[in-house]
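Trainee: Need the 3D shape of this:
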Amino acid sequence: MGQQTIILDGKSLTIQQVAQVAEQKAEVEISQEAMERLRAARELVLNWDSVHAPVYGFNTGVGINKDRQVHEKQYEQFNRSLIFSHCIGVKPEADEKTVRAAMLIRLNTLLLGYTGVQPEIAQMYKRFLNEGIHPVIPERASVGAADLGNLAHIGLAMIGEGEVIYRGKRMNASEALKKAGIKSIVLGPKDGLAIASSNAFAAAKASLLLNEVKQLIDLSDIVFALSLEGLNGNISPLDESVLRIRPFPGNLASAGLIKACLEGSYLSLQHLNRPLQDPLSFRGAFAVHGAVRDAIDYTEKNLLIQLNSSDDNPCVLVDEQRILSCSNYEVTTWVLAIEMLGQALAHLSKISCFRTIKLSSPNFSGLPRFLSPDNGQNVLAFSTIQKTFAALDAEIRHLSNPINADFIALSGEIEDHANNSVQVVDKTAKIVDNLYYILGIEAMHAAQAIDLRKDISLGHGTELAYKMIRQEVPFLDADRNLSVDIEKMYKLLKSGEICRAVRDKLGEICWGVMRCHNDQD
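Mentor: The predicted structure is shown next:
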């Protein structure tokens with residue numbers, strides 16, 4: 001696996017670590033302190049019957065069935081039934097990285113000791129992650145008030161039922177457990193609810209999304225810097241004296257990266273044909289990108305609380321010897337943050353589209369129409385590609401509409417609030433995917449404009465990005481199938497290779513000061 005083992009304690013899981021375990025399959029271990037918390041909470045649960053107080057999902061039913069009593073002899077069957085009855089998801093099925101992230105996040109929150117789950121279940125999560133056992137989880141089931149319909153499928157695998165992907169092969173869970181030398185779990189009091197009732201599935205998707213958006217915003221700044229050189233644009237809006245007057249953190253970060261990329265560029269020289277001011281899509285690009293960065297910071301701040309706190313109901317308070325019903329499953333705070341992030345990304349999409357249009361317009365660029373090498377006499381060049389990014393941007397505009405308030409009352413109308421957390425993250429992830437195409441098309445235009453300007457000096461960062469683009473997509477000297485070029489640019493940008501190369505070129509210290517990829521510093 002080649003990754004350092006990540007020690008989980010319930011309190012310090014990061015977005016980057018989620019990506020390492022989910023995508024790079026880093027192994028996990030549980031801290032001794034966390035295991036002690038689990039054992040103490042379990043002891044309280046096992047001794048609770050002597051108190052004879054009703055506890056939701058422990059000695060009562062769940063949902064509107066909270067008025068039904070569950071006796072000690074029924075604990076195993078009740079918890080098995082809870083798992084089976086909540087396996088309600090429908091396709092598509094979650095990919096392995098999402099499943100891994102969900103198991104990791106749920107394991108970490110269990111380790112705080114507020115659930116009362118048997119410690120063996122925590123060990124089962126760890127074994128699943130380290131052995132490569134990934135339960136098959138249908139994606140569509142959650143309304144955002146805990147992802148029970150998704151996460152129950154993990155419990156199904158733990159009791160040897162359902163299907164899993166084990167080391168790349170789909171098989172029955174019982175077969176995978178046998179191959180891995182793992183005994184299936186015998187469920188006891190409170191175990192079923194502990195496995196199924198959390199927001200770990202939505203949080204997994206959100207964490208992986210946020211990790212990707214961090215890459216996307218850096219790429220956006222790099223592509224814009226290229227476009228500014230293609231336009232022969234002004235760098236005065238990036239002047240530190242101006243920025244100090246209006247010090248939004250995201251603005252400063254994007255302006256800093258753009259300036260670093262343009263260090264050594266011809267744009268620092270006076271130019272007779274350079275307009276006094278550029279269109280807003282160029283003049284204010286760093287500020288729009290900065291708004292995305294500020295949305296990222298706000299989202300991460302709240303998502304980290306989700307990753308390192310208990311969202312269990314009821315909550316086991318060992319120090320106070322109490323078990324209380326609560327609403328810690330409520331995640332509207334960070335769901336609204338994801339909605340905000342999607343709207344910020346919609347602005348980023350729109351401004352990229354307008355920059356691309358300006359680059360292909362002689363009135364703004366001073367270059368041939370649609371960046372044709374012969375001014376459109378025989379080569380139409382980018383005359384029709386605008387339809388592609390316009391269609392993608394229209395999708396993004398639709399996806400940026402909020403859906404967190406689209407819910408209905410369920411379970412006998414006792415569950416009358418939700419936020420559609422999974423759907424919110426999914427639609428925002430689609431925005432990000434569309435943006436790789438849109439930014440890829442902008443980068444194609446920027447590189448073409450740079451070539452048409454001939455013999456200009458590029459910045460240290462932009463020159464590297466330009467060369468990497470030209471390795472994939474050559475100068476457009478004759479009309480060709482642009483769908484092929486678009487797909488090449490999409491794959492190049494999504495791979496993160498440009499971002500990593502520019503970061504290495506500029507230096508980790510410089511990059512870190514500008515708060516780009518600050519989780520890697």
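Trainee: What's the local residue count around Leu452?
Mentor: Around Leu452 there are 17 other residues, counting by other CB atoms under 10 Å. Placement of C-beta: from N, CA and C, glycine included.
Trainee: Now it: which helix or strand?
Mentor: Remark: Leu452 resides in helix 421-453, with elements defined by DSSP states H and E.
Trainee: now that helix, how far from the chain's geometric center?
Mentor: Helix 421-453 sits 16 Å away from the centroid of its parent chain (CA atoms, centre = their mean, to the nearest Å).
Trainee: elements contacting it?
Mentor: Judged by 3 or more CB pairs under 8 Å, 6 or more residues apart in numbering; DSSP states H and E, helix 421-453 is in contact with strand 138-140, helix 200-231, helix 332-359, helix 386-399, helix 460-472, helix 482-495.
Trainee: Dump those into CSV; add mean pLDDT as well.
Mentor: Below are the helices and strands packed on helix 421-453 laid out as CSV (pLDDT from 0 to 100):
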stretch, mean pLDDT
strand 138-140, 95
helix 200-231, 97
helix 332-359, 97
helix 386-399, 97
helix 460-472, 97
helix 482-495, 98
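Trainee: Quick one, which of those gets closest to Val288.
Mentor: Nearest of these to Val288, taken as CB to CB: helix 332-359 at 5.0 Å.
Trainee: what's the spacing between the next helix or strand after that closest one and its chain's center?
Mentor: Using DSSP H and E, the helix or strand that follows helix 332-359 in sequence is helix 362-365. Relative to the mean C-alpha coordinate of its chain, helix 362-365 is positioned 37 Å out (CA atoms, centre = their mean).
Trainee: Which parts of the helix holding Leu452 count as buried, going by neighbours?
Mentor: Neighbour-count burial for helix 421-453 flags 421-429, 431-453 (criterion: 16 or more other CB atoms under 10 Å).
Trainee: just stretch 265-272 next, same as before
Mentor: Buried residues in stretch 265-272, defined by neighbour count with 16+ other CB under 10 Å: Ser265, Leu267.
Trainee: Identify the residues contacting Asp297.
Mentor: Pro249, Gly250 (CB atoms under 8 Å, 6 or more residues apart in numbering).
Trainee: Let's see the pLDDT reported for it.
Mentor: If you check Asp297, the pLDDT there is 97.
Trainee: so what pLDDT did the closest residue to Gln123 other than its chain neighbours get?
Mentor: The shortest distance from Gln123 to any non-neighbouring residue, by CB to CB, 6 or more residues apart in numbering, is to Ile30 (7.5 Å). Note for Ile30: predicted pLDDT of 98.
Trainee: How many residues are close by Ile30?
Mentor: Ile30: 21 neighbours (other CB under 10 Å).
Trainee: so what's the backbone phi/psi at it?
Mentor: Main-chain torsions, Ile30, degrees, to the nearest 10: phi -110, psi 130.
Trainee: so where is the stretch 1-150 of the chain shaky, pLDDT-wise?
Mentor: Across the stretch 1-150 of the chain, the ranges flagged by pLDDT under 70 are 1-3, 49-52, 57, 61, 63-64, 67.
Trainee: Which parts of it are strands?
Mentor: 6-8, 28-30, 90-93, 133-135, 138-140 (DSSP state E, counting those that start in this stretch).
Trainee: Distance to Thr356 for those - can I get that in a markdown table?
Mentor: A markdown table is the format used below for the strands of the stretch 1-150 of the chain (distance: least, CB to CB, whole Å):
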| stretch | distance to Thr356 |
| --- | --- |
| strand 6-8 | 41 |
| strand 28-30 | 44 |
| strand 90-93 | 32 |
| strand 133-135 | 40 |
| strand 138-140 | 33 |
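Trainee: tell me the most buried of those strands?
Mentor: Comparing the strands of the stretch 1-150 of the chain on average neighbours per residue, with mean count of other CB atoms under 10 Å, the densest one is strand 133-135 at a mean of 26.
Trainee: Can you name every helix or strand that it contacts?
Mentor: Using 3+ CB pairs under 8 Å, 6+ apart: strand 133-135 touches helix 96-110, helix 119-131, helix 148-158, strand 163-166, helix 173-180.
Trainee: Sheet-wise, list the partners of that strand with their directions.
Mentor: Using DSSP bridges, strand 133-135 pairs in its sheet with strand 163-166 (antiparallel).
Trainee: pLDDT on the strand it pairs with, on average?
Mentor: 98.
Trainee: how about it as PDB, C-alpha atoms only?
Mentor: Provided in PDB are the C-alpha atoms of strand 163-166 (Å, rounded to 0.1, in the frame of the first residue of the first chain):
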ATOM      1  CA  GLU A 163     -22.400  -8.700  -1.100                       C
ATOM      2  CA  VAL A 164     -19.000  -7.100  -0.900                       C
ATOM      3  CA  ILE A 165     -16.100  -6.300  -3.200                       C
ATOM      4  CA  TYR A 166     -13.100  -8.200  -1.800                       C
END
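Trainee: burial of the spatially closest residue to Asn308 that is not a sequence neighbour, as a residue count?
Mentor: When the adjacent residues along the chain are set aside, Asn308 lies closest to Lys11, with 5.3 Å between them (CB to CB, 6+ apart). By other CB under 10 Å, 14 other residues sit near Lys11.
Trainee: cool, and Val484?
Mentor: 10.
Trainee: Just give me how far stretch 439-457 sits from the chain centre.
Mentor: 30 Å.
Trainee: go on, stretch 342-351?
Mentor: 16 Å.
Trainee: ok, now which ones touch the residue nearest to Gln123?
Mentor: Ile7, Leu8, Leu107, Leu111, Ala122, Gln123, Lys126.
Trainee: Now restrict these to buried residues only.
Mentor: Applying 16+ other CB under 10 Å to these flags Leu8, Leu107, Leu111, Ala122, Gln123, Lys126 as buried.
Trainee: Which of the residues you listed sits closest to Ile408?
Mentor: Out of the buried ones among the contacts of Ile30, the member with the shortest distance to Ile408 (by CB to CB) is Leu107, at 31.9 Å.
Trainee: Can you tell me the closest non-neighbouring residue to that closest one?
Mentor: Tyr125 is the one closest to Leu107 (CB to CB, 6+ apart), at 3.9 Å.
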